[in-house]
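> predicted model and sequence below, questions to follow.
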Amino acid sequence: MSSEPILSYSESIDIRASASDVWKLVTDMERYGEWSSENTGGYWRKNADGVPGTGQIGDEFVGINRKDGEEWKALVEIVERQEGQSFGFITGGLAMNLISWRYLITPNEDGVILSEHWDLLNLSPMMIENGQPEIDKRAANAKESIGATLKAMKITAES
């Protein structure tokens, strides 16, 4: 793993809901398509025993993404799970170690603060091939998606 990210971005939002209610949303990756400006959903990959993952460390999820008329799939591997507190996954899995996505749930007097963190750890083949414009595009997409996801999760959790 890289010791220092190439790029990082994080954003937080106050949510008037219990940590357990917000936790249920953060870990329900099949629902991300309801909230993200880029992800349209996805599915859990089956493990060696043929059983689909459920969001435990080591489980893999295939996200389906769509932006600007393009559609692509991205494998992520769950790398962090502290019940009710933090949930993290790596795009490309630990094997490629491309991008770290991490959610933190911090209780406060009115509910919780939900933070989402994005760290570009290594350049993807497409970023290497297309250079800085591709890196800038992916970073801008991440910022837009994080804002949209947090706002939509807030609406869902508070309704």
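In hand now; what should we look at?

> which residues touch the helix or strand hosting I78?
Using DSSP states H and E, I78 maps to strand 70-82. Residues outside strand 70-82 that contact it (C-beta atoms under 8 Å, 6 or more residues apart in numbering): 27, 40, 42, 45, 53, 55-65, 86-94, 100-102. Where C-beta positions appear, they are placed from N, C-alpha and C, glycine not excepted.

> again, 7 Å this time
The set of residues external to strand 70-82 that reach it, using C-beta atoms under 7 Å, 6 or more residues apart in numbering, is 55-65, 86-94, 102.

> report how many residues lie close to K154.
21 (other C-beta atoms under 10 Å).

> what's the closest non-adjacent residue to the residue nearest in space to the middle of the chain?
Centroid-nearest residue in the chain: W101, 4.4 Å away (criterion: C-alpha atoms, centre = their mean). Excluding its sequence neighbours, the residue lying closest to W101 (C-beta to C-beta, 6 or more residues apart in numbering) is F89, at 5.4 Å.

> kindly report the same for G55.
Residue nearest to G55 in three dimensions, not counting chain neighbours: T27, with 4.9 Å by C-beta to C-beta, 6+ apart.

> got it, and E134?
Counting by C-beta to C-beta, 6+ apart, E134 lies nearest to M127, which is 4.8 Å off, once chain neighbours are set aside.

> return the residues in contact with the one you found.
M127 neighbours (C-beta under 7 Å, 6+ apart): E134, I135, R138.

> show me which of those residues is closest to E158.
Of all those, R138 has the smallest distance to E158: 30.3 Å, by C-beta to C-beta.

> per-residue pLDDT, that closest one?
Per-residue pLDDT puts R138 at 91.

> do the one 5 residues further on as well
At K143, the pLDDT value in this model is 96.

> helix/strand/coil for it?
Assigned with DSSP: H, G, I helix; E, B strand; the rest coil, K143 falls in the helix class.
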